[in-house]
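Trainee: I would like to see how this sequence folds:
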Amino acid sequence: ELLGSLGELAREEGICVLYNDIDDFWTPSLDAPMALHLHDDYGDPHPKQGVPSKAQLIHLVGREQELDRIEARVRSAFSGTCAVGRNLPTDLVATHPDAT
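Mentor: Residues are numbered from 1 along each chain as shown. Just a heads-up that it's a prediction; the model follows:
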């Protein structure tokens, strides 16, 4: 499952994962580095703590250098499953193909 795979990758790499389902953002830990980055710096909704059962978007949030290091791996691993884009230097996003 995509939610679990990207969450596991985030834990391995020490970056934050944010799950987005319509207007709700979720993260396993509000204490994770950069867990509030999109909220504080870009006005996205304040994330709730936890992991949702579904998500339209999955954000991998970290320092630019960290995302540079894993971007090709994420694109390769999930190319047939979802669209992967770099919205910000600090935000790598996987989008479910049925997201509207």
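
Trainee: Tally up the residues packed near residue 28, please.
Mentor: 18 (other CB atoms under 10 Å). Where you see a C-beta, it was placed from the backbone N, CA and C, and this is true even at glycine.

Trainee: and it, what does it touch?
Mentor: 7, 17, 49-51 (CB atoms under 8 Å, 6 or more residues apart in numbering).

Trainee: what's the closest of the residues you listed to residue 61?
Mentor: Nearest to residue 61 among those, counting by CB to CB, is residue 17 at 7.5 Å.

Trainee: Can you give me the buried ones in the host helix or strand of that closest one?
Mentor: Under the criterion of DSSP states H and E, residue 17 resides in strand 16-21. Within strand 16-21, the residues that count as buried by 16 or more other CB atoms under 10 Å are 16-20.

Trainee: Okay, now the unreliable bits of this structure?
Mentor: Applying pLDDT under 70 to the chain flags the ranges 1-4, 98-100.

Trainee: where do the helices sit along it?
Mentor: Counting by DSSP state H, the chain has helices at residues 2-13, 37-42, 64-78.

Trainee: can you list these in JSON lines and add mean neighbour count and distance to residue 27?
Mentor: Shown next, in JSON lines, are the helices of the chain (neighbours: other CB atoms under 10 Å; distance: least, CB to CB, whole Å):
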{"stretch": "helix 2-13", "mean neighbour count": "16", "distance to residue 27": "9"}
{"stretch": "helix 37-42", "mean neighbour count": "15", "distance to residue 27": "10"}
{"stretch": "helix 64-78", "mean neighbour count": "15", "distance to residue 27": "16"}
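
Trainee: All good on my end, thank you.
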